[in-house]
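K.L.:
Quick check, what structure comes out for this input:
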Amino acid sequence: MRTHLGEKPFSCSICGKDFNQRQNLKAHMRTHTGEKPFSCSNCSTGFTQKQNLKTHMRIHTGEKPFICSVCGKDFRQRHYFKVHMRTHTGEKPFICSVCGKSFIERQQLKAHMRTHFDKKTYSCSSCNKTFRHLITLKVHIRTHTGEKTFSCLICSKDFTGRQYFKIHMRIHTREKPFSCSECGKRFVIKQTLKVHMRIHTGEKPFSCSECGKSFAINQSLKIHMRTHTGEKPFSCLICGKDFTLRPHFKSHMRTHTGKKPYSCTRCNKRFRHPNCLTVHMRRHPGEKVLSCSVCGERLSSKYQCKKHKCAGENKSSK
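P.N.:
Okay, here's the model as predicted:
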């Protein structure tokens with residue numbers, strides 16, 4: 001009856017959050033105590049709730065019980081399945097109460113709401129950039145002063161903020177605390193995991209205002225916009241040639257510097273571009289530089305790839 005009446009008699013003594021059942025409060029308290037009583041028998045990862053362990057075990061078993069009826073894509077978690085389905089239905093259930101804009105995920109709405117209500121009251125005197133928190137402004141100021149208060153004892157690299165320093169240290173410790181619930185891939189940064197999840201959900205929240213093409217990450221949209229604006233931000237100081245993409249600019253610079261970073265493992269011949277090395281490798285007898293996308297078998301030419309038939313392809317075509 002409490003769910004109908006809205007009654008929540010169980011309250012957290014630490015943060016004040018209310019719950020309609022005692023067991024929900026008990027589970028919530030673990031977020032404060034750090035207690036993780038449910039442990040994975042395969043990798044020893046701990047969880048605060050039994051259901052989270054059950055979901056995690058699907059990484060080891062390979063079970064994906066939630067299947068999209070439209071495209072056949074399968075998922076380990078119901079949440080990501082539901083988000084994915086919205087890419088087919090066009091449903092955007094999270095609506096901004098201020099401007100009416102709608103979103104596929106609650107997290108997107110929360111980020112959007114900050115544009116209406118979050119005031120950036122702290123301003124940088126050097127570049128006029130504004131910030132919501134004083135501590136963020138203080139860290140930003142260091143980009144102007146050059147002050148780097150956090151230093152790595154292993155490689156001596158310096159950092160302006162504690163958070164950047166903590167993330168850097170994971171390179172040395174090889175710690176990847178953020179794990180994908182669908183494929184098990186692990187990440188150093190939470191934001192990278194968030195972007196990675198869009199591979200599974202098919203979500204592309206960044207849309208081009210010119211042609212409507214959508215992208216999974218904002219940076220891809222920014223690069224795409226250059227096809228409309230004609231912007232070429234990477235300019236060669238030697239010959240004046242301009243480029244849309246940094247990799248193309250870097251590749252071009254090697255024509256001036258003579259640098260050839262790609263080396264043949266058979267004859268030590270060096271090349272400016274990786275594709276030139278790939279073509280060269282085919283000249284060596286028995287060298288197999290291409291691979292089948294289904295079974296992974298190495299092949300020496302595109303012609304062989306076309307002619308190649310494997311058990312995986314035969315199985316999928318039946």
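
K.L.:
what's the spacing between residue 227 and residue 113?
P.N.:
32 Å (CB to CB, to the nearest Å). For the C-beta atoms, the positions are set from N, CA and C on the backbone; glycine is no exception.

K.L.:
any chance you could map the helices in the stretch 151-300 of the chain?
P.N.:
162-173, 190-201, 218-229, 246-257, 274-281 (DSSP state H, counting those that start in this stretch).

K.L.:
For the fourth one, give the mean pLDDT please.
P.N.:
Same thing as helix 246-257. Regarding helix 246-257, the rounded mean pLDDT is 90.

K.L.:
For it, C-alpha coordinates in CSV please.
P.N.:
Extracted C-alpha coordinates of helix 246-257, given in CSV (Å, rounded to 0.1, in the frame of the first residue of the first chain):
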residue,chain,number,x,y,z
ARG,A,246,44.9,16.5,-37.8
PRO,A,247,46.0,13.0,-39.0
HIS,A,248,46.1,14.3,-42.6
PHE,A,249,48.2,17.3,-41.5
LYS,A,250,50.6,15.1,-39.5
SER,A,251,51.0,12.8,-42.5
HIS,A,252,51.7,15.7,-44.8
MET,A,253,54.4,17.1,-42.5
ARG,A,254,56.4,14.0,-43.0
THR,A,255,56.9,15.0,-46.7
HIS,A,256,58.8,18.0,-45.3
THR,A,257,60.6,16.4,-42.4
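
K.L.:
And the contacts of it?
P.N.:
For helix 246-257, the surrounding residues in contact (CB atoms under 8 Å, 6 or more residues apart in numbering) are 234, 235, 236, 238, 239, 241, 243, 259, 260, 261, 272, 273.

K.L.:
show me what contacts the first one?
P.N.:
Going back to what we said before, that points to residue 234. 242, 243, 244, 245, 246, 248, 249.

K.L.:
mind checking pLDDT for it?
P.N.:
Reported pLDDT at residue 234 in the predicted model: 91.

K.L.:
Can you tell me, leaving aside adjacent residues, what's nearest to it?
P.N.:
residue 249 (3.6 Å; CB to CB, 6 or more residues apart in numbering).

K.L.:
what's the distance between the one you found and residue 232?
P.N.:
In this view, residue 249 and residue 232 are 9 Å apart by CB to CB.

K.L.:
intersection of neighbour lists for the two?
P.N.:
residue 243.

K.L.:
More neighbours: the two, which one.
P.N.:
Remark: of residue 249 and residue 232, residue 249 carries more neighbours, 17 against 14, as counted by other CB atoms under 10 Å.

K.L.:
ok, now how distant is the more buried one from residue 243?
P.N.:
In terms of CB to CB, residue 249 sits 4 Å off from residue 243.

K.L.:
shared neighbours of those two, anything?
P.N.:
234, 235, 236.

K.L.:
Now do the contacts for the second one.
P.N.:
Counting by CB under 8 Å, 6+ apart, residue 235 makes contact with 241, 242, 243, 249.

K.L.:
Show me which of those residues is closest to residue 14.
P.N.:
Checking the contacts of residue 235 against residue 14 by CB to CB gives residue 249 as the nearest, at 53.0 Å.

K.L.:
what's the distance between that closest one and residue 241?
P.N.:
For residue 249, the distance to residue 241 - CB to CB - is 9 Å.

K.L.:
wait, residue 196 sits on residue 185?
P.N.:
Yes - assessed by CB atoms under 8 Å, residue 196 is found in contact with residue 185 at 6.7 Å.

K.L.:
Distance from the chain centre to stretch 123-143, please.
P.N.:
With CA atoms, centre = their mean, to the nearest Å as the basis, stretch 123-143 stands 26 Å off its chain's centre.

K.L.:
what does stretch 133-153 give?
P.N.:
25 Å.

K.L.:
ditto for stretch 89-105
P.N.:
23 Å.

K.L.:
Stretch 271-281 now?
P.N.:
30 Å.

K.L.:
Can you name the residues in contact with it?
P.N.:
Residues contacting stretch 271-281 (CB under 8 Å, 6+ apart): 251, 254-255, 259-264, 266, 269, 287, 289.

K.L.:
Please apply the same query to stretch 166-183.
P.N.:
Contact partners of stretch 166-183, identified using CB under 8 Å, 6+ apart, comprise 45, 55-56, 59, 64, 75-77, 80, 152, 154-155, 157, 159, 185-190, 192-193, 196-197, 200.
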